[in-house]
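Novice: no sequence on hand, only this structure:
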């Protein structure tokens, strides 16, 4: 039953989140979007580039391929807001108007019957990192998993990594990571499982290779170091290949961990457990989830700080008991042989109802409620987040909750935002709760609203001339509301006419500023946004109010 529950949790994340069904027939209209795809460095047309278009309207649209002059056209489009993405081997995948690797793009607004021309997608050449992986004896390592990763900041203020390319080494130990956009990366490699072996000496000095079981393949970072904080960043320019990025990957020293899962009476619990690395460094937290099942589990781990998170059911008696949860932090040193007993408890229980603007939910609304784990080490533990669907009458029920959590609504009908999470006269939205197990929060009311405010505007330079290439940062004036800036702060780009729109705002007082550049890794952090406070314009938006503003472009440097 444990495995089935985990599978169902993963399945929840794959079901529609209120967006239009992927297989819905695309709507048709009378608008047209035309443009060209050209090389970013040369301006030369790129032929046979695959151009995709998407919008909020239901249904996918067939891609277009550029002609010999780099031209593309999309016809029969309904009025709406569109984004354009171009891809071709040898070039970095490019989103029209996006700044760098991440961030909002330039959306194309079209009206019925409008013919929008002059859209130019500038594609930079893709970069690559290549090299040679050897083991501790200098022999090539075949089938080692190699990836190029970009370090990113998370909403919690820690760091994580995002894989931009991955491959396996060939029989010569060589690897090639292509399709990289310009940027700075770290490269890491892991030995294949079949090479996780120990050499054991038996009688008369004869040695024998013994396969280790239950081990976590160690991750080694270029130039041959064990942790992300020691890794040497590799800067890749557009079209550049950083070759000879060679390093050694070896098993390294490990610690043995044995785990036993028990309930309050000491009875064994058949647990579905995950272990995540919680080592913090100057670059943050490195997530390395390892999933195992059973009442008694053992594994070899690299030295460091780890978090064990488990869910399961007691094995005592003929019938399965209630869902139990447990979480323990441990520290391991090289060569340790550590045994730990993980106490499992009945998790907290949260139930309540979701309302929309104080009334019933819209018909066929698909809404999910989750008690999100806030421990940075467990940021990737999506299968362990307590999550559930909201029934048509708005009722929801969550159980098996432990650890520091925050009630969130990751999926709701388009055009709605969560405005409050009410319990016993308190608003729990953006308020973490440290659950020890056994707590009961009954009668929680989650309030959604469709009465969203809108801010539109333009930007000018110091001479009051209009500009079209800029970014807008918008965030709450109250510093206390910036602790969860990912929910309330916005980074928007203008459309093809130089006009920006942010139409998903809760009522309140905001600060807004137009800047020439935005740090994609930092923009959701309090300190980064707060630096713009002095020069930002103040805007107060009422319930469902629409306002327009003209901003003076400022340098973010």
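Specialist: Arrived safely. Note that the structure is a prediction, hence the values are computed from the model and not measured. Numbers count the residues shown, from 1 in each chain.
Novice: state the distance from the residue nearest to residue 435 when sequence neighbours are not counted to residue 487.
Specialist: Nearest non-adjacent residue to residue 435, counting by CB to CB, 6 or more residues apart in numbering: residue 348, 4.2 Å away. Placement of C-beta: from N, CA and C, glycine included. Remark: distance between residue 348 and residue 487 (CB to CB, to the nearest Å) = 22 Å.
Novice: who's more crowded, the two?
Specialist: For residue 348 versus residue 487, the count of surrounding residues by other CB atoms under 10 Å is larger for residue 348: 23 against 17.
Novice: wait, the more buried one touches residue 434, no?
Specialist: No: if you go by CB atoms under 8 Å, residue 348 and residue 434 don't touch, sitting 10.1 Å apart.
Novice: run a quick neighbour tally on the residue nearest to residue 113 when sequence neighbours are not counted.
Specialist: Counting by CB to CB, 6+ apart, the nearest residue to residue 113 once its immediate chain neighbours are dropped is residue 30, at 4.7 Å. Residue 30 is flanked by 15 other residues according to other CB under 10 Å.
Novice: and residue 30, what are its phi and psi?
Specialist: Per-residue torsions, residue 30: phi -120, psi 10 (degrees, to the nearest 10).
Novice: any idea how this protein splits into domains?
Specialist: 31-123, 127-248, 255-331, 347-449, 453-552 (automatic domain parsing).
Novice: among those domains, which is nearest residue 341?
Specialist: domain 255-331 (4.9 Å; CB to CB).
Novice: quick one: mean pLDDT over that closest one.
Specialist: Domain 255-331 carries an average pLDDT of 75.
Novice: likewise stretch 533-553?
Specialist: Averaging pLDDT along stretch 533-553 gives 96.
Novice: in which helix or strand does residue 528 reside?
Specialist: helix 526-530 (DSSP states H and E).
Novice: may I see the buried residues of that helix?
Specialist: Going by neighbour count (16 or more other CB atoms under 10 Å), the buried part of helix 526-530 is 528-529.
Novice: show me what that helix is packed up against.
Specialist: Contact partners of helix 526-530 among helices and strands, from 3 or more CB pairs under 8 Å, 6 or more residues apart in numbering; DSSP states H and E: none.
Novice: report the distance from the very next helix or strand once past it to the chain centre.
Specialist: Using DSSP H and E, the next helix or strand after helix 526-530 towards the C-terminus is strand 537-541. Its chain's average C-alpha position is 30 Å from that of strand 537-541, according to CA atoms, centre = their mean, to the nearest Å.
Novice: pull the residues that contact strand 537-541.
Specialist: 453-455, 477, 505, 507-513, 547, 549, 551 (CB atoms under 8 Å, 6 or more residues apart in numbering).
Novice: cool, stretch 33-48 as well?
Specialist: 49, 51, 53, 65-74, 77, 82, 84, 86, 88, 91, 94, 108, 110, 115-125, 238-239.
Novice: what do you get for stretch 93-107?
Specialist: Contact partners of stretch 93-107, identified using CB under 8 Å, 6+ apart, comprise 40, 81-87, 108, 119, 121-124, 150, 152, 164, 179, 181, 183, 471, 491-496, 517-518, 520, 523.
Novice: low pLDDT regions in the chain?
Specialist: Along the chain, the model assigns pLDDT under 70 to residues 1-24, 100-101, 153-160, 193-218, 252, 279-294, 315-321, 379-384.
Novice: quick one: the helices in the stretch 401-550 of the chain, in order.
Specialist: 485-488, 526-530 (DSSP state H, counting those that start in this stretch).
Novice: reformat those helices as TSV; add distance to residue 333.
Specialist: Supplementary listing: the helices of the stretch 401-550 of the chain in TSV, determined by distance: least, CB to CB, whole Å:
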stretch	distance to residue 333
helix 485-488	36
helix 526-530	35
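Novice: for residue 301, which of those is the nearest?
Specialist: Residue 301 lies closest, by CB to CB, to one member of these: helix 485-488, at 31.3 Å.
Novice: other SSEs contacting the closest one?
Specialist: Going by 3+ CB pairs under 8 Å, 6+ apart, helix 485-488 lies up against strand 471-476.
Novice: return the list of strands paired to the strand it packs on, each annotated with direction.
Specialist: Note on strand 471-476: by DSSP bridges, its sheet partners are strand 490-492 (antiparallel), strand 508-515 (antiparallel).
Novice: what angle separates that strand from strand 537-541?
Specialist: Going by axes from the mean of the first three to the mean of the last three CA atoms, to 10 degrees, strand 471-476 is angled at 60 degrees with respect to strand 537-541.
Novice: what residues sit buried inside strand 471-476?
Specialist: Neighbour-count burial for strand 471-476 flags 471-476 (criterion: 16+ other CB under 10 Å).
Novice: count residues in the vicinity of the closest residue in space to residue 242 that isn't next to it in sequence, would you?
Specialist: Spatial nearest neighbour of residue 242, chain neighbours left out: residue 129 (4.8 Å); criterion: CB to CB, 6+ apart. Number of residues near residue 129 (other CB under 10 Å) recorded here: 25.
Novice: same thing with residue 519?
Specialist: Neighbour number of residue 519 under other CB under 10 Å is 12.
Novice: residues contacting it?
Specialist: Counting by CB under 8 Å, 6+ apart, residue 519 has contacts 528, 556.
Novice: which among the contacts of stretch 93-107 end up buried?
Specialist: Of these, these count as buried by 16+ other CB under 10 Å: 40, 82-87, 108, 119, 121-124, 150, 164, 179, 181, 183, 471, 491-496, 518, 520, 523.
Novice: distance of the residue lying closest to residue 555 once chain neighbours are set aside from residue 464?
Specialist: Nearest residue to residue 555, sequence neighbours excluded (CB to CB, 6+ apart): residue 516, at 5.6 Å. As judged by CB to CB, residue 516 and residue 464 stand 16 Å apart.
Novice: re the thing from before, which residues sit against the helix holding residue 528?
Specialist: 473, 475, 479, 482-483, 485, 489, 519, 522-523.
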